[in-house]
Structure formats: structure tokens, C-alpha cells
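*Asks:* Sequence and predicted model, in that order:
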Amino acid sequence: MDVVVFRYHGRFAHFLRAETTVNAMTYPVPPRTVIFGLIGAVLGLPKDCAQEELTSARIAVAGKIPSTFWHKTNMRKNLPAPLAFQVKKNEKGTSKDEKNTRIPQEFLWKPSFRVFVSLPDRFHHEFANRVEERRWHFSPCMGLSELLANLEWEQNLTATQLGSEVQYVNSVVPLDRCKLDSQTAYSSSLALHKVRMPRDVTRDRVFTHANYVLERDGQPIPVESDQAWQVGDEKVIFL
């Protein structure tokens with residue numbers, strides 16, 4: 001199986017947790033659905049089309065959890081008052097009070113992830129070439145369109161599936177595709193974080209979630225699984 005490996009990084013990132021309401025929290029790493037949108041931007045796929053066209057895509061994400069900070073964000077609940085058709089010279093103008101709410105929003109600071117992608121044949125080679133040559137239809141972003149991302153191609157590799165013995169996996173681990181070796185993780189002093197993130201999404205924005213485990217500093221995670229793949233010098237499990 002052909003896999004393209006690239007670095008996905010930027011100054012800031014925000015991957016909104018859909019279940020948050022009062023505070024706009026972010027996932028610590030980009031979910032699979034975010035990578036769908038990123039691939040769609042590179043290939044120029046129509047809006048909300050990527051999640052349907054790329055359902056069979058294999059995606060893995062590796063990297064340490066970035067530090068975070070909070071910022072107050074203005075959320076307007078109604079539009080500003082429209083301008084009048086005629087404005088007198090001495091008129092100062094009128095405006096309607098806007099229902100403005102300020103909510104705290106969480107951002108990732110200097111996020112940097114390595115992404116492993118294997119796409120259906122009709123997309124894979126074009127995507128790999130575009131990332132290598134730094135050509136994309138729409139500007140890639142880190143969750144929000146205002147947070148621009150940088151894509152740096154690293155390698156085109158061939159992935160080989162491994163056996164069911166204990167493997168040290170470098171990527172984010174989906175818990176429904178492996179069994180965590182808790183004793184080894186504890187003896188290695190790993191800082192593991194469990195998070196529930198979106199895995200798939202329909203055109204109507206209906207999400208399917210899954211549970212994942214990631215290591216704070218990006219260290220390999222010991223798991224027992226028949227879903228691990230060798231990609232170059234690293235082992236990954238696809239999200």
C-alpha cells in the first residue's frame with residue numbers, strides 16, 4: 001500500500017470539539033474528519049464532498065500534544081442594522097444594539113504533526129504530487145480558515161501490515177483496533193491521554209466518533225493489534 005508522509009504545522013490551530021457549548025475547546029490533534037477537509041482543499045474537491053469521496057482513505061497522525069492558550073472571542077447573534085437608502089449630510093447614522101457574547105476559545109500553540117495518508121487510486125498520486133510540489137487548490141488551514149497551515153512533503157513510502165504481537169506504535173491509537181499494554185506503558189512512564197474524536201461525517205454533518213489514545217510527548221505506545229502497519233522506520237495504526 002502506497003503512503004504519502006508529510007508534516008502538517010502552523011502557528012495556531014483550533015479543532016473545535018463539537019460537544020462544547022459555553023467554552024470553545026479544541027481537540028489536541030486533528031481528527032480524521034479534519035484531514036478529510038485538508039485533502040479536499042489540496043485536491044480542489046467541492047465543499048462537503050471529501051468525506052464521501054474519501055471514506056476508504058487510510059489516515060494516521062503522529063506528534064506530541066501542543067501547548068494551549070485561551071482567547072476571548074466575540075460571537076454575534078444577529079446581524080448589524082442595514083444602511084438606509086438615503087443618508088442626509090448631517091446625519092450621524094443609526095445602529096441597532098447587537099447581541100454580542102464573548103466566549104473563551106482554546107487554541108493550540110505551534111502545532112506540528114506528521115500525517116500518513118493512503119488514498120483511493122484515483123486521488124493518491126495526484127495528492128502526493130501536489131504536496132511534494134506545494135500546489136493546492138485552496139489554502140490549507142489548521143481547523144479555522146483564518147489559521148493558515150504549512151504542508152511539507154517528507155516521503156512516499158510503502159506500508160506493510162504487521163502481525164498481532166505487541167507493537168510500539170508512533171501514531172495516535174484507536175482503541176477499537178488494538179489492546180493497550182497498560183503495564184508496559186506504566187513501566188515506561190508514558191503520559192497517555194484518552195480522547196473521543198470524530199472518525200466519519202456525512203454530507204448532513206452527522207458525525208461518527210471513536211475513542212483514541214495519544215502520548216503527550218509523541219512517544220511510541222505499546223499495543224497488541226493486528227491493525228499496525230510498518231511505514232518506513234515507524235509503526236502506525238490508521239484512524
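*Replies:* Received it, and whenever you're ready, just let me know what you need.

*Asks:* For the residue most central in space within the chain, which residues are in contact?
*Replies:* Closest to where the C-alpha atoms of the chain average out (CA atoms, centre = their mean) is Pro30, at 2.0 Å. Shown in contact with Pro30 (CB atoms under 8 Å, 6 or more residues apart in numbering): Tyr8, Ala13, Phe15, Leu38, Val61, Phe113, Val115, Met142, Gly143. Where you see a C-beta, it was placed from the backbone N, CA and C, and this is true even at glycine.

*Asks:* Show only the entries of those found in helices.
*Replies:* Using DSSP state H, the members of the contacts of Pro30 that fall within helices are Leu38.

*Asks:* Can you tell me which of the contacts of Pro30 has the most neighbours?
*Replies:* Ala13 (28 neighbours; other CB atoms under 10 Å).

*Asks:* now it, nearest residue through space, not along the chain?
*Replies:* Met142 (3.5 Å; CB to CB, 6 or more residues apart in numbering).

*Asks:* so that neighbour makes contact with Leu16?
*Replies:* No - applying CB atoms under 8 Å as the test, Met142 and Leu16 come out as separate, 11.6 Å apart.

*Asks:* so where's the protein uncertain?
*Replies:* The chain contains residues with pLDDT under 70 at 75-83, 91-100.

*Asks:* go with 80
*Replies:* Applying pLDDT under 80 to the chain picks out residues 18-22, 48, 73-102.

*Asks:* and which of the contacts of Pro30 is nearest to Phe123?
*Replies:* Leu38 (12.8 Å; CB to CB).

*Asks:* In strands only, show me the contacts of Pro30.
*Replies:* Applying DSSP state E to the contacts of Pro30, the entries found in strands are Tyr8, Ala13, Val61, Phe113, Val115, Met142.

*Asks:* what pairs with the fifth one across the strands?
*Replies:* Same thing as Val115. Beta-bridge partners of Val115, counted by DSSP bridges, are Phe6, Val61.

*Asks:* show me the contacts for it.
*Replies:* Counted by CB under 8 Å, 6+ apart, Val115 has contacts Val5, Phe6, Arg7, Tyr8, Pro30, Ile35, Ile59, Ala60, Val61, Ala62.

*Asks:* Can you give me the neighbour number for the last one?
*Replies:* The reference is to Ala62. For Ala62, using other CB under 10 Å, the count is 22.

*Asks:* how close does it sit to Val172?
*Replies:* Going from Ala62 to Val172 by CB to CB, to the nearest Å gives 7 Å.

*Asks:* again, but for the fourth one
*Replies:* Distance, Tyr8 to Val172, using CB to CB: 13 Å.

*Asks:* on that earlier part again, that's a strand at the residue nearest to the centre of the chain, yeah?
*Replies:* No - Pro30 is assigned coil when assessed by DSSP: H, G, I helix; E, B strand; the rest coil, not a strand.

*Asks:* Can you identify each of the helices in this protein by residue range?
*Replies:* Under DSSP H, the chain gives helices at 32-43, 50-53, 121-133, 182-187.
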